[in-house]
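Asks: I'd like to go over a predicted model; first the sequence, then the structure.
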Amino acid sequence: MAQRKMTVTVTVDGVRYEEEVEPRLLLVHLLRDRLGKTGTPIGCDTGNCGACTVMLDGRSAKSCSVLAVQADGSEILTVEGLASGDEWHPLQRAFHEEHALQCGYCTPGMIMASLDLLQVNPDPDDTEIREGLEGNLCRCTGYANIVRAVRRAAAESREVSGA
Amino acid sequence: MIPATFDYVRPSTLGEAAAALAEAGEDAKVLAGGQSLLPLLRLRLAYPSVLVDLGRVAELRGIEDRGDRLHIGAMTTHDEVVNSPLVNEHCPLLARATATVADPAIRHRGTFGGSLSHADPAGDLPSVALALDAEFRLASAAGERTVPAADFFADYLTTALEPDEILTGVSVPKLGPDWGCHYEKFHRTAQAWAIVGVAAAVRHSGGAVVEARIALTNMGATPVRAHAVESALAGVPLNGSGAGVREAALRADEGTNPPSDADAGADYRRHLAKVLTRRAVIAATSG
């Protein structure tokens, strides 16, 4: 039955990895310490701050609250997988343009949570944006610009898709 | 912090899960979505020897229409509950309360059964289950049994689940169109736990209350049914001054034993219970 170490296979930002892990290894540690995906930071470590948010099989998840073994077989998208080549994702561009970051620590999580929000609701109003990001804390309190950036990225994405 | 070591089992059927749990003994823990358990492991407030992960047990997931009741698989995520047409049509109290649980990312992973089994008195779903007289289906290698909500929540973070038992699903009654419902939650910040919450389902007809089901979040070690309010509400007119509802709601703290903690003192919680109960009943019966 149980074994000390287990092999997990995950696809992260389009690349497949096979890693031998202890069951207690958190997904965020697999990403950062094993796969070098340090674009995903660790904030509070207790599921509150959202800095470590990634897309896990297409939906946002806090990677400090998932075991690597739970993610076995999953497809994971981190902030590092958003850009296509040299071209930033509309959300990355909008966060830059709208000055939606100060220290930048919460930004990867903010962007990944916004990505989840926009795929469910491509045209959110400010309240919906704030509710969509309620699991992500910015301690520089740059929320007003973050909301503006998400609105801008949404508008840009709708334009591109012709909606 | 990094969790202490444990062994990990990932069954793919309920039978395998029950067998693994029986074999693992009393120090084993069931892992559902992990949104409460993983923080506890990381803070080293829990030290299970074995985790039995139900994440791949497909039969525990999903919502079924079973005549006059809905069956909700224990591993159904909060997000699935919130977006379920069946839950929204027949049990909107559950959909609305679940939409207030934590935040979107946590609702993608956290499960209905996990929240109920964790039985945090500040959790929103235990009081909803209590207000609805939900029935809990428990299974072990030895067999199955059904436990009513009133008997499921035993004490602080403690339920009727034996160490070798798994909550497989919960059955809730469908409430017809003559029922109105509302979950009123008071908390300081967006994703915080409820300081006090009130789950209300009220059947009304001809401008008066016929029957009410009210349960309170975080007014004791377990969710509490506000029986005094329920009896006081029967027959109360809903139009006019609203004095009847107001008076009934004043009885919301009867039989409660609220905690005093960093968020609020017991006396403030008693006050909140009355105010929030009035608001919940008014919201449940208007529109």
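Replies: Arrived safely, thanks for sending. Source: prediction; values computed, not measured.

Asks: just the helices in chain A please.
Replies: For chain A, helices defined by DSSP state H occupy the ranges A:27-29, A:90-97, A:107-120, A:126-132, A:143-160.

Asks: and chain A, which residues reach chain B?
Replies: A:1-4, A:6, A:22-24, A:26, A:29, A:45-48, A:50, A:53, A:56, A:59-62, A:64-67, A:69-70, A:72, A:113, A:116-117, A:130-132, A:134-136 (CB under 8 Å from any CB of the partner chain). Every C-beta, even on glycine, is put in place using the N, C-alpha and C of the backbone.

Asks: Give me the subset of the residues you listed lying in strands.
Replies: Taking DSSP state E as the definition of strands, the residues of chain A next to chain B contribute A:6, A:53, A:56, A:59-62.

Asks: Could you tell me which of those count as buried?
Replies: A:6, A:53, A:56, A:59-62 (16 or more other CB atoms under 10 Å in any protein chain shown).

Asks: what stretches of chain A score poorly on pLDDT?
Replies: A:1-3, A:162-163 (pLDDT under 70).

Asks: nope, chain B is what I meant
Replies: B:287.

Asks: Let me see the contact set for whichever residue of it sits closest to chain A.
Replies: Nearest to chain A in chain B, going by CB to the nearest CB, is residue B:103, at a distance of 2.7 Å. Residue B:103 is in contact with A:50, A:134-136, B:190-191, counting by CB atoms under 8 Å, 6 or more residues apart in numbering or on different chains.

Asks: And residue B:167, by the same measure?
Replies: Residues near residue B:167 by CB under 8 Å, 6+ apart: B:74, B:113, B:116-117, B:136-138, B:161.

Asks: one step back: between the helices of chain A, which gets nearest to residue A:79?
Replies: Nearest of the helices of chain A to residue A:79, taken as CB to CB: helix A:107-120 at 3.9 Å.

Asks: Contacts for the closest one next, please.
Replies: Contacts for helix A:107-120 (CB under 8 Å, 6+ apart): A:39-41, A:43, A:49-55, A:58-60, A:77-79, A:82, A:89, A:91-92, A:95, A:100-101, A:124, A:128-129, A:132-133, A:135-136, A:138, A:146, A:149-150, A:153-154, A:157, B:104-105.

Asks: Among those, name the buried ones.
Replies: A:39-41, A:43, A:49-55, A:59-60, A:77-79, A:82, A:89, A:91-92, A:95, A:100-101, A:124, A:129, A:132-133, A:135-136, A:138, A:146, A:149-150, A:153-154, A:157, B:104-105.

Asks: Nearest residue to residue B:69 in space, please, no chain neighbours.
Replies: residue B:171 (4.8 Å; CB to CB, 6 or more residues apart in numbering or on different chains).

Asks: for residue B:92, same thing?
Replies: Residue nearest to residue B:92 in three dimensions, not counting chain neighbours: residue B:181, with 5.7 Å by CB to CB, 6+ apart.

Asks: Show the residue spans covered by the helices in the stretch 151-287 of chain B.
Replies: B:227-233, B:243-249, B:266-285 (DSSP state H, counting those that start in this stretch).
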